[in-house]
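J.: kindly generate the corresponding structure for this input.
(one chain, ligands or ions: 2)
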Amino acid sequence: MLQENSKENRIVAPSLLAANFFTLSTEIAKVHDTSAQWIHLDVMDGHFVPNLTFGPKIIQDLRPQTDRFLDSHLMVSNPDFLIPLMAEAGVDAITIHSEAVIHLHRSIQTIKALGKLAGVSIVPSTPVSALSEILSFVDIVLVMTVNPGFGGQSLIESASDKIKSLDAIRIKMGYNFRISVDGGVNSSTAPSLWKKGADILVTGSSFFSDPDPRSFTSFLLSC
Ligand SMILES: O=C(CO)[C@H](O)[C@H](O)COP(=O)(O)O
Ligand SMILES: [Fe+2]
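T.: Ligands and ions are numbered 1, 2, ... in the order given. Model (predicted):
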């Protein structure tokens, strides 16, 4: 029988993808006004996903402006060259896609050697079984519940069922990774995601379009 994780350990991570990039200071102030503990940074290269966002320069400039945990999500075809640059820019966690690298174990070890939390992510069409050899080495498993590249999409229910499988595996094997869910998270979808075993909910458009992000975040943390 799977158990919902304790509410005290829940993390909410607003995704800057949905923020206004020309008024980032104001957008970061919105996050600071809430109890969201992490800030999620979507780095896209126009190759692994059909969109472009930002890279280490903006993150380096952001770092002194916030004490929130910086959670980077690299949607790039060749994350290996970017890993040291992201570490240098001051992120706290680096998540790469299992679909993007050949030597996943080596890339994860590189992230850990730089003193950062190491995460692996899977797109909706990748099964949990693809991660079997890496789960004992990672700190975060990021389950994409939309096809990566854009915010504001609807959550794919079948992709969210992977949370349950991952939760069952970590209980059985005694692994320590945290399960993060990214894509289509809102006040309607959040309760069942926590129930399935999520530890971290990434929220982009629902957070930044809400007139009251503070209440929205409190709701997510308590629902
Ligand atoms: O990785 C991402 C997209 O590839 C974003 O983190 C995600 O889409 C968040 O946006 P929303 O909450 O609007 O779905
Ligand atoms: Fe993301």
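J.: the residue in the chain that ligand 2 sits nearest to in helix, strand or coil?
T.: Closest to ligand 2 within the chain is His73: 3.8 Å, counting by CB to the ion. Glycine gets a C-beta too; all of them are placed from N, C-alpha and C. Secondary structure, DSSP: H, G, I helix; E, B strand; the rest coil: His73 is strand.
J.: dihedrals phi and psi, the closest residue to Asp42 other than its chain neighbours?
T.: Leaving aside its chain neighbours, Asp42 sits nearest to Leu17 (4.4 Å; criterion: CB to CB, 6 or more residues apart in numbering). Note on Leu17: its backbone torsions stand at phi -50, psi -30 [degrees, to the nearest 10].
J.: Leu17: neighbouring residues, count only.
T.: Residue crowding around Leu17 was assessed by other CB atoms under 10 Å; the count is 24.
J.: just Leu114 next, same as before
T.: 15.
J.: quick check: the gap between it and Leu82.
T.: 12 Å (CB to CB, to the nearest Å).
J.: please apply the same query to Ser15.
T.: 18 Å.
J.: so which of the two has more stuff around it?
T.: Of the pair Ser15 and Leu82, Ser15 is the one with more neighbours under other CB under 10 Å, namely 24 against 19.
J.: pretty sure that one sits against Ile200.
T.: No: at 11.5 Å, Ser15 and Ile200 do not qualify as touching, with contact defined as CB atoms under 8 Å.
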